[in-house]
Structure formats: structure tokens, C-alpha cells
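Novice: Sequence and predicted model, in that order:
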Amino acid sequence: MSYVEVPGAKVPIRMWTDPSTVEDVAMQQLRNVATLPWIKGLAVMPDVHFGKGATVGSVIAMQGAVCPAAVGVDIGCGMSAVKTSLTANDLPGDLSRLRSRIEQAIPVGRGMHDEAVDPGRLHGFPTAGWDDFWKRFGGVADAVKFRQERAVKQMGTLGSGNHFIEFCLDESGAVWLMLHSGSRNIGKELADHHIGQAQKLPHNQGLVDRDLAVFIADTPQMAAYRNDLFWAQEYAKYNRAIMMELFKDVVRKEFKKARPTFEPVISCHHNYVAEERYDGMDLLVTRKGAIRAGSGDFGIIPGSMGTGSYIVKGLGNAASFNSASHGAGRKMSRNAAKKRFSTRDLEEQTRGVECRKDSGVVDEIPGAYKPIEKVIDQQRDLVEVVAKLKQVVCVKG
């Protein structure tokens, strides 16, 4: 489908989904965003749902301003995937050992490594800029300085909630490695700090929603946020890169006889800010639950832990600010999912997948998410499908 345009106060709301299917609270958030004085465009992805301040699944283009809540509290959260030389024929009948080895190599949830991962010891990891990256930690907000030790040890770890590591097969039987994580606790600390700072500024008083507080260009507050924002986005990128190398190491050891090789990694943020130019204007584009889908850009759009995911290539649709959805999107809250579904439902909906099937992950059950196939179909003018993947192992945070 192409987009449906809904009137907004300052800009029209371009929606790649049926507006009647969007929950009322999310629709109100979109209308609120469209009232911001600095806004130049708003694109809504088919996986849209309620979030803090701004919906998840929205692309907001502003001139001379940026809204921290429109980035999300997990700054730089995103995906990585890599195709391997392994095939379904290389897999053992029982994949529980593989899942166990992944969980041993990569801490999950609030976990961290006992000692910081040395990227120089990882097979083929590019270490250029690594030392400079950590030196720049000294320039981030004083409010998080005491978190440095935790940030160092959480580098190369998997977040909780909807974050995951998966071992997948495409339709030809080729094995892919895929993971989803972000900037861990340090990114959230920075996001919360700056949202709080923005809410205190005079120009944000009287907004329809205080969570839509913005920073204005050429101010000390904007400079401080941009510094911390781009550092956290880099942290998230490094975090995924290290996890992927740890994941590859597990695969090399578990499939030693097959001598697996790996194609170049596909990686994309889906909670971030980018400086882009549209209609002759230099804009700050925030993608919260959306990926960049410029012409030829590779991206990853995952479903839930039992349904599968898609590798896509962007079509460069300027109406969406060169964007596409970041996943299937929730159709019910975590609390609603826990009330609606049982562990028996989880077992049924993840049949054939080696994964946790206990009460701790019921809120991540496939039934809590929108159908990924429909979400893909709604954005055929934004991306083309390169590969469809189905997970056979899923590690949840």
C-alpha cells in the first residue's frame, strides 16, 4: 500500500497503515507530535504503537530541534544479521546445546561480562577508533559518570524485553545469525537524563505533552544532547558488533567440521537521529522503531520469537523520509499479554523453536505482536524483500 494522509495541526500525518486500526492513545500521540512548532514531516510505519511521548514506529523530521523522547530511551537500539556458509543439513537434531553455548558466551538481561571484552582478541573485529571511543566517555553527562564500569562490562551483552539472539534458516536452507539489542543501561541513563533536562527549558512549557520536550539548535543543551546521543548510538553499534563476533565464535566451535564462513554483516539502528536533507531543508530525522530504507540500503525487519523475520532492501521513498518499519510491532501491552496467554500458549506458538518457554517470556509470545507478513505487505513501496528467515534457536533477554 502507499500511505494514507491524516490531517495534522502543522503537517499531515502520513500513515503506512489503516488509521482505524491504530489504538486511540497512539493516534493521539501522533496528533500531539504534529502540533510541534519545529516539525516538517511525520511518517508512520505499519508497526506503530503507543510509546513514551512519541509512538514506536514513527519518523519525525524537525528543523532546528530534536525531541529525545522521539528517539526512545534505548538509544541506538537496532539489528544485525549475517548469512553463513552453513545449511540446514549441518544442524544436529537437538539444538539445545547450541542455545546453551550462546547463553554462556553472551550475558543477557541485566547481566554483564565478568571482565570487559577485549575486541583485539575477537576474530576479525575492527578495533580502529576503539580507544578514542572510550576516551570520549569523559565528555558525556556527569550524571552517568559513575556508570562507566558497568557500561564497559555490558559492552557485548543482550538487553531484556524484546531483545534476542537467533539462529535462523532462510527459504533456501542457508543459516543466518541475527540479533537485536541497543545501548544497554548507559543509553537509557543518558536518555532519561536529557529528557528531564529538556522538560525544564522555558520553550517547552505549555506543550500538549511534556514528554515531547525538545532541544533547540545552537544552544548548550542541544550540544550536550547531541554529544551524548551520538556517543550512545556508537555504543549500541559496537555492542552489536561484539555480540556478533562472540556469536560467530560459538558457531565456529560448534560446527568445527563444517568450517563456517560468514558474509558481511548487515546492521541498522532503529532508535536514532540522523542529519538528512529533504526539499532543500537540512533536517534532524528521528526514527523511533523505524529503519533507514534509502535506495539500496539493506535492513532487517524482525517478527516475533516464533514467526520469522525479513532481510529487506530500501526503495528510497522520500515520502517516508527513506524509512521503513523496524519489526512487527506489538498489538497488546506486556501486561495484557501476560493476562491473555499462558505458558502452554507459548509452547504451542513457538513449536519447532529451541527457546525459553517459561512464564518469564510470556509477554513476548507471538500472539502479542502484529502479523509480520501483513506489516511487510503494507510497506511494499518502502522496501523489497531480499530473504525471509525462520528462527530455529532463539535466546531472549
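Specialist: The structure has been received and is ready for your questions.

Novice: what about the longest strand in the protein?
Specialist: strand 383-396 (DSSP state E).

Novice: which secondary structure elements does that strand contact?
Specialist: helix 96-105, strand 164-170, strand 174-181, strand 298-302, strand 309-314, strand 354-355 (3 or more C-beta pairs under 8 Å, 6 or more residues apart in numbering; DSSP states H and E). Glycine gets a C-beta too; all of them are placed from N, C-alpha and C.

Novice: who does the residue most central in space within the chain bridge with?
Specialist: Nearest residue to the geometric centre of the chain (C-alpha atoms, centre = their mean): Gly78, 3.1 Å. Legend: beta-bridge partners of Gly78 under DSSP bridges are Ser181, His269.

Novice: ok, it - contacts?
Specialist: For Gly78, the contacting residues are 180-182, 236-237, 240, 267-272, 291, 326, by C-beta atoms under 8 Å, 6 or more residues apart in numbering.

Novice: go on, Ala258?
Specialist: Here Ala258 is in contact with 85-86, 90 (C-beta under 8 Å, 6+ apart).

Novice: do that again at 7 Å, thanks
Specialist: 86, 90 (C-beta atoms under 7 Å, 6 or more residues apart in numbering).

Novice: Repeat that for the one 4 residues further on.
Specialist: In this structure, Phe262 makes contact with 82, 84, 248, judged by C-beta under 7 Å, 6+ apart.

Novice: thinking the first one is in contact with Leu179, fair?
Specialist: Read that as Val82. No: in this structure, Val82 is not within contact of Leu179 by C-beta atoms under 7 Å, at 9.5 Å.

Novice: For the residue in the chain sticking out farthest from the centre, give its distance to Gly156.
Specialist: Residue farthest from the centre of the chain, counting by C-alpha atoms, centre = their mean, is Lys257 at 34.1 Å. Counting by C-beta to C-beta, to the nearest Å, the separation of Lys257 from Gly156 is 27 Å.

Novice: Show me where the stretch 201-350 of the chain has its strands.
Specialist: 215-216, 266-269, 271-278, 281-288, 290-292, 298-302, 309-314, 323-325 (DSSP state E, counting those that start in this stretch).

Novice: Would you mind finding the most buried of those?
Specialist: strand 323-325 (a mean of 32; mean count of other C-beta atoms under 10 Å).

Novice: for that strand, packing partners?
Specialist: strand 39-49, strand 290-292, strand 298-302 (3 or more C-beta pairs under 7 Å, 6 or more residues apart in numbering; DSSP states H and E).

Novice: who does it pair up with?
Specialist: In the sheet, strand 323-325 lines up with strand 290-292 (antiparallel) (DSSP bridges).

Novice: Run through who's touching the partner strand.
Specialist: By C-beta under 7 Å, 6+ apart, strand 290-292 touches 45, 57-59, 268, 270, 274, 299, 314, 322-326.

Novice: Throw the residues you listed into a markdown table and include pLDDT and distance to Arg121, thanks.
Specialist: Conversion of these to a markdown table gives the following (pLDDT from 0 to 100; distance: C-beta to C-beta, whole Å):
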| residue | pLDDT | distance to Arg121 |
| --- | --- | --- |
| Met45 | 98 | 39 |
| Gly57 | 97 | 39 |
| Ser58 | 97 | 40 |
| Val59 | 98 | 39 |
| Cys268 | 96 | 26 |
| His270 | 96 | 29 |
| Ala274 | 97 | 32 |
| Gly299 | 98 | 30 |
| Gly314 | 98 | 35 |
| Asn322 | 98 | 37 |
| Ser323 | 98 | 37 |
| Ala324 | 98 | 36 |
| Ser325 | 97 | 37 |
| His326 | 97 | 32 |
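
Novice: circling back: if you count neighbours, what's buried in the longest strand of the chain?
Specialist: Applying a neighbour-count criterion of 16 or more other C-beta atoms under 10 Å, one finds 383, 387-396 buried in strand 383-396.

Novice: okay if I get the strands of the stretch 201-350 of the chain as a markdown table plus distance to Ala223?
Specialist: Shown next, in a markdown table, are the strands of the stretch 201-350 of the chain (distance: least, C-beta to C-beta, whole Å):
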| stretch | distance to Ala223 |
| --- | --- |
| strand 215-216 | 9 |
| strand 266-269 | 21 |
| strand 271-278 | 14 |
| strand 281-288 | 13 |
| strand 290-292 | 24 |
| strand 298-302 | 30 |
| strand 309-314 | 31 |
| strand 323-325 | 26 |
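
Novice: The helix ranked longest in the chain - contacts with which helices or strands?
Specialist: Across the chain, the longest stretch assigned as helix under DSSP state H is helix 220-254. Contact analysis of helix 220-254 by 3+ C-beta pairs under 7 Å, 6+ apart lists strand 78-87, helix 96-105, strand 174-181, helix 184-199, strand 215-216, strand 266-269 as its packing neighbours.
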